[in-house]
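Chemist: Please work out how this folds:
(chains A and B)
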There are 2 protein chains.
Amino acid sequence: MVAGNGEDKLMSDIVTAGILVIGDEILSGRTKDKNIGFIAEYLTNIGIDLKEVRVVSDDEPDIIAALDALRGRYTYVFTTGGIGPTHDDITADAVAKAFGVGIDHHPEVVARFRERFGADLNEARLRMARIPDGADLIQSATILAPGFKIGNVIVMAGVPSIMQAMMDIVAPKLKSGVRMLSESVRANAREGDVGGPLRAIAEAHPDTMIGSYPFLDEGQKPNTNLVVRSRDQEKLNAAMDAVKEMLAGLGTAK
Amino acid sequence: MVAGNGEDKLMSDIVTAGILVIGDEILSGRTKDKNIGFIAEYLTNIGIDLKEVRVVSDDEPDIIAALDALRGRYTYVFTTGGIGPTHDDITADAVAKAFGVGIDHHPEVVARFRERFGADLNEARLRMARIPDGADLIQSATILAPGFKIGNVIVMAGVPSIMQAMMDIVAPKLKSGVRMLSESVRANAREGDVGGPLRAIAEAHPDTMIGSYPFLDEGQKPNTNLVVRSRDQEKLNAAMDAVKEMLAGLGTAK
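Modeler: The predicted structure is shown next:
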């Protein structure tokens, strides 16, 4: 939504991402996903635009199809889920197939597992050491089964605390773009009362994105948050000034 | 994952679905989605298999592309978001374009709006009365802006309480399949200890799906929930018996 005219510098600095959540338990509703919201906010904060999310089941063709669609389209793809020790953990194999590379037990991971598990190191646990050829490990002392990065795909655990630790490890190594700036104002008006003037403001400020989010306030009265986003602070300010002026005209501004 | 051999009756009764979440605010992380988990659980309970979820931005070509991919693949598609009164609410128009039909103010909705809003009925609010030609309204006394169903696509609000009211209205009219049955057991074992035997059980019970979900228990010790799912109660029982016998062998069963 950033205009192209004279904006080449900005456009070339835009880094995009997709998320692929893998797991039957999300689609059955048994587990409620907590990773999409976390990664979305994380990426926004480091200047990466999340453009699309997909959730698919533990099914190899489905995983490969979604992965190929996303990795061809965006700068980065973040996957969560399916890297544990059981038969339904097939993400590493699916990623290797998508990239057309082999997959084998990674000697460094196997060595760590031997040290950590001792006699408990069985075939199921060794499964977590299977890493596609050429991938870089995402690991730390507190992470048991490593994630990995291959090409533009970052493969992470489904358990939120582990996924979050992996994001912290991988984030500093990513290209990040010009950060999207954001400011919001509480309208103290119903969404339907601001819709008309807001459209005019959005049209007059093409290098900004203006969003309108209704909610029920403390008194259960319909209210609206208005959010202006832009990569350009001055343009954001100009649009926000126009929004506030419009709200002042309604006699409800805050 | 249900085997085809001799299972024609079951297979033909399988009803599938996709979810399409529409909204920049989800992708920026500003709003944390609560609809995917709710709809997933709801569909499981009425015997509809959720196969895929996508989240896209408030961008017409993106919405149309995702909608076309999902509606061609699954029995039903449920969308949430983008049917409010502001300029960034473009779902109804995108759906009309995807189906190649016109879109106009629906006389019944306009009449209700006139009654409800009186002098406050402005152009922005009238936007919420724009319904694609041939669509059936999803509405009730408590729902302000209606959702609608066109073809196999069910268009709902993004606000969770309204979306949930719409699900209750539309659900009784949907085809539903043979319900997926599910039973779970707490392993009192680490996932890596059950992975091997669990794989053997999964292979011996092809008409069931067996999932393994690690968690930290009350004492912060790694534990695992095992879930067996099947449309056939007897097959589910047989697989669950095998799982429990395996756990008893570990001396950890519960």
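
Chemist: and whichever strand or helix holds A:V194, anywhere near chain B?
Modeler: Assessed by DSSP states H and E, A:V194 sits inside helix A:191-204. Yes. Using C-beta under 8 Å from any C-beta of the partner chain, helix A:191-204 reaches chain B at A:E191, A:G192, A:D193, A:V194, A:G195, A:G196, A:L198, A:R199, A:A202, A:E203. The way it works is simple: take the backbone N, C-alpha and C, and place the C-beta from them, glycine included.

Chemist: Could you single out the nearest of the residues you listed to A:L236?
Modeler: Using C-beta to C-beta, A:A202 is the member of those that lies nearest A:L236, at 13.0 Å.

Chemist: isn't that closest one right next to A:G211, touching?
Modeler: No. With contacts defined as C-beta atoms under 8 Å, A:A202 does not count as touching A:G211, sitting 9.5 Å away.

Chemist: any common contacting residues for those two?
Modeler: B:D88 (C-beta atoms under 8 Å, 6 or more residues apart in numbering or on different chains).

Chemist: Confidence-wise, which helix or strand of chain A is lowest on average?
Modeler: Lowest by mean pLDDT, DSSP states H and E among the helices and strands of chain A is helix A:8-12, with a mean of 48.

Chemist: Any idea which residue of the stretch 151-254 of chain A lies closest to chain B?
Modeler: Relative to chain B, the nearest point of the stretch 151-254 of chain A is A:G195 (2.6 Å; C-beta to the nearest C-beta).

Chemist: Which stretches in the stretch 1-150 of chain A count as helices?
Modeler: A:8-12, A:24-27, A:35-45, A:60-73, A:91-99, A:107-117, A:123-127 (DSSP state H, counting those that start in this stretch).

Chemist: between the longest helix along chain A and helix A:191-204, how many degrees?
Modeler: Using DSSP state H to define each element, chain A has its longest helix at helix A:233-250. If you take axes from the mean of the first three to the mean of the last three C-alpha atoms, to 10 degrees, helix A:233-250 sits at 140 degrees to helix A:191-204.

Chemist: can you list contacts of helix A:233-250?
Modeler: A:181-183, A:185, A:187-189, A:193-194, A:197-198, A:201, A:204-205, A:207-208, A:210, A:226, A:228-230, A:253-254.

Chemist: And for stretch A:106-123?
Modeler: A:125-126, A:128-131, A:137, A:139, A:144, A:146, B:192-193, B:195-196.

Chemist: which residues sit in contact with A:R54?
Modeler: Contacts of A:R54 (C-beta under 8 Å, 6+ apart): A:G18, A:I19, A:L20, A:V21, A:A66, A:A69, A:L70, B:E52, B:V53, B:R54, B:V55.

Chemist: Tell me how many other residues crowd the spatially closest residue to the third one that is not a sequence neighbour.
Modeler: Think A:L20. In this structure, A:L20 finds its nearest non-sequential neighbour in A:T79, 4.5 Å apart by C-beta to C-beta, 6 or more residues apart in numbering or on different chains. Look at A:T79: counted by other C-beta atoms under 10 Å in any protein chain shown, it has 30 neighbours.

Chemist: one step back: can the helices of the stretch 1-150 of chain A go into a markdown table with extra columns for mean neighbour count?
Modeler: Shown next, in a markdown table, are the helices of the stretch 1-150 of chain A (neighbours: other C-beta atoms under 10 Å in any protein chain shown):
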| stretch | mean neighbour count |
| --- | --- |
| helix A:8-12 | 11 |
| helix A:24-27 | 24 |
| helix A:35-45 | 20 |
| helix A:60-73 | 17 |
| helix A:91-99 | 22 |
| helix A:107-117 | 14 |
| helix A:123-127 | 20 |
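
Chemist: Would you single out the least confident of the ones you listed?
Modeler: Comparing mean pLDDT across the helices of the stretch 1-150 of chain A, the weakest is helix A:8-12, with a mean of 48.

Chemist: low-scoring pLDDT stretches of the stretch 101-250 of chain A, where are they?
Modeler: For the stretch 101-250 of chain A, applying pLDDT under 70 flags no range at all.

Chemist: again, 90 this time
Modeler: Applying pLDDT under 90 to the stretch 101-250 of chain A flags residues A:141-145, A:176-180, A:214-222, A:250.
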